[in-house]
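Chemist: Kindly return the folded structure for what I paste below:
(chains A, B, C and D)
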There are 2 protein chains.
Amino acid sequence: MVKNKKDTTTEEVILAAAKKVFVQKGMAGARMQDIADEAGINKALLHYYFRNKEKLFEVIFMEAAEKLFPKINAIFEADQPLFEKIENFCEEYISIVMDNPYLPLFVLNEINQDPDYFLKKVWTGKSKPNPVKLLEQIDKEVRKGTIKRINPMHLLMNLISMTIFPFVAKPMFQKNLGMSEVQFKMAMEERKKEIPRFIIDSLKK
Amino acid sequence: MVKNKKDTTTEEVILAAAKKVFVQKGMAGARMQDIADEAGINKALLHYYFRNKEKLFEVIFMEAAEKLFPKINAIFEADQPLFEKIENFCEEYISIVMDNPYLPLFVLNEINQDPDYFLKKVWTGKSKPNPVKLLEQIDKEVRKGTIKRINPMHLLMNLISMTIFPFVAKPMFQKNLGMSEVQFKMAMEERKKEIPRFIIDSLKK
DNA sequence: ATTTTTGTTAACCATTTGGTTAAATCATAT
DNA sequence: ATATGATTTAACCAAATGGTTAACAAAAAT
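Modeler: Numbers count the residues shown, from 1 in each chain, chains lettered A, B, ... in the order given. The predicted structure is shown next:
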């Protein structure tokens, strides 16, 4: 429950509360009352600021999606050598996600419930990841013979999987490997360098 | 909606319906009425066979978890050279998940909502993945100098991430790479060989 | 054949939940 | 001070939802 001495506006308090509840419980599991309680306000006030649950959810979801998708794009489309691009992606993306470890699962889950609706809603303009440039870049390196033969799609999947999945499976990994919160953070920090090294080692001839 | 001409028992019909609805909508989003409709039966009959929603959900969840976790364990603990074990894991695990592409996200999501409850419930005895043997095996190879230096934990994370994540992000990958259902299946089939090759290439000196 | 048990249903019930209303309070301009 | 508009609340409301009941049908046991 967050107090409001007017350094934060009510709307911000609501959004913070809504984010917390939605991300933890999902659209279906979240209760408007929970959000109100978390924000320390009356339930009616929620509807005063955001007409209904769906509208409020959409704001939170879009905010989350905007935090996750456009950055991928920017890095993938950058004008940079392949290996640097990979290093850059891991470094920057892990940083982003470390600040919001639960966003990826939240977004992936909601997308899964209704792919067409969400993907059309989210991927409008700049937000739509466009992997073709990266795929072509990989293909070019393969043809030049500077890296081993590999299907660019698989390399892309490998890169994204290794970067994001540990956050999606955070509780599982933590429990199973007996990692504390700090240990997990440290491990993710290491992966910023570890993943590029792993990939580049695999690609080098 | 499934018909029941007594080659399948009512209980089985219910479980199939429940699985479909729970996996798609999650515990919170699933409606008992939806499950009843999907099974082509009265809602009261659900409660006749399974006392309540929670009980029914638990059956479905455990069924899903039992399908995903024990196999990991078996392979990890097998008595086999490291590279063969990796090849084996990808081959077998991708096969399992291809039959139920939506199970991983479902399970990960529910675990995320209440890690302690579910992980205690699921990881009892044989079901609990025990990665220590594999970790030690990796460590041994590193010390023998047969593979490059690598933190076993990261290698384990990489292996699991590359294997499972594409299914977790299935709609995203499909939409973004413009893949049909068949193309996705083909890609996953390829990954059975692609992932081990990628990993082994990275580890070889 | 008929009793008993098992399976199935329609009609209900209580609670939860998203959403509304009308009144109260607060801030601001006049 | 006070009128005005924005903000906040308590009390409600209707629909949805998990769950129950009592009656009925089918199968199994006697």
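
Chemist: use CA for all of it now, contacts and neighbours both
Modeler: Will do.

Chemist: for chain B, what are the nearby residues on chain A?
Modeler: Residues of chain A lying near chain B by Cα under 8 Å from any Cα of the partner chain: A:24-25, A:28-29, A:105, A:108-109, A:111-113, A:115, A:119, A:129-131, A:154, A:157-158, A:161-162, A:165-166, A:168-169, A:171-172, A:175-177, A:191, A:194, A:198-203.

Chemist: Whichever of the residues you listed end up buried, select them in PyMOL.
Modeler: Listed next is the PyMOL selection for buried residues among the residues of chain A next to chain B, using 16 or more other Cα atoms under 10 Å in any protein chain shown:
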select buried, chain A and resi 24+25+29+105+108+109+111+112+113+115+119+129+130+131+154+157+158+161+162+165+166+168+169+171+172+176+191+194+198+199+200+201+202+203
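
Chemist: burial of the spatially closest residue to A:Lys43 that is not a sequence neighbour, as a residue count?
Modeler: Of all residues not flanking A:Lys43 in the chain, A:Ala36 sits nearest, at 5.1 Å (Cα to Cα, 6 or more residues apart in numbering or on different chains). A:Ala36 has 21 neighbouring residues, counting by other Cα atoms under 10 Å in any protein chain shown.

Chemist: tell me the pLDDT at A:Ala36?
Modeler: Among the per-residue scores, A:Ala36 holds a pLDDT of 98.

Chemist: can you check A:Asn73 too?
Modeler: A:Asn73 is given a pLDDT of 85.

Chemist: Other residues contacting the helix or strand containing it?
Modeler: According to DSSP states H and E, A:Asn73 maps onto helix A:53-77. Contacts to helix A:53-77, defined as Cα atoms under 8 Å, 6 or more residues apart in numbering or on different chains, come from residues A:15, A:18-19, A:22, A:27, A:32, A:50, A:85, A:88-89, A:93, A:96-97, A:103-104, A:107, A:122, A:126-131, A:133-134.

Chemist: Okay, now the unreliable bits of chain A?
Modeler: Applying pLDDT under 70 to chain A flags residues A:1-7, A:125-126.

Chemist: And the helices in it?
Modeler: Taking DSSP state H as the test, the helices found in chain A are A:10-29, A:32-39, A:43-49, A:53-77, A:82-99, A:103-113, A:115-122, A:132-144, A:152-168, A:170-177, A:181-203.

Chemist: Compute the number of surrounding residues for the residue lying closest to A:Val23 once chain neighbours are set aside.
Modeler: Spatial nearest neighbour of A:Val23, chain neighbours left out: A:Phe106 (5.7 Å); criterion: Cα to Cα, 6+ apart. Look at A:Phe106: counted by other Cα under 10 Å, it has 23 neighbours.

Chemist: This completes my enquiry, with thanks.
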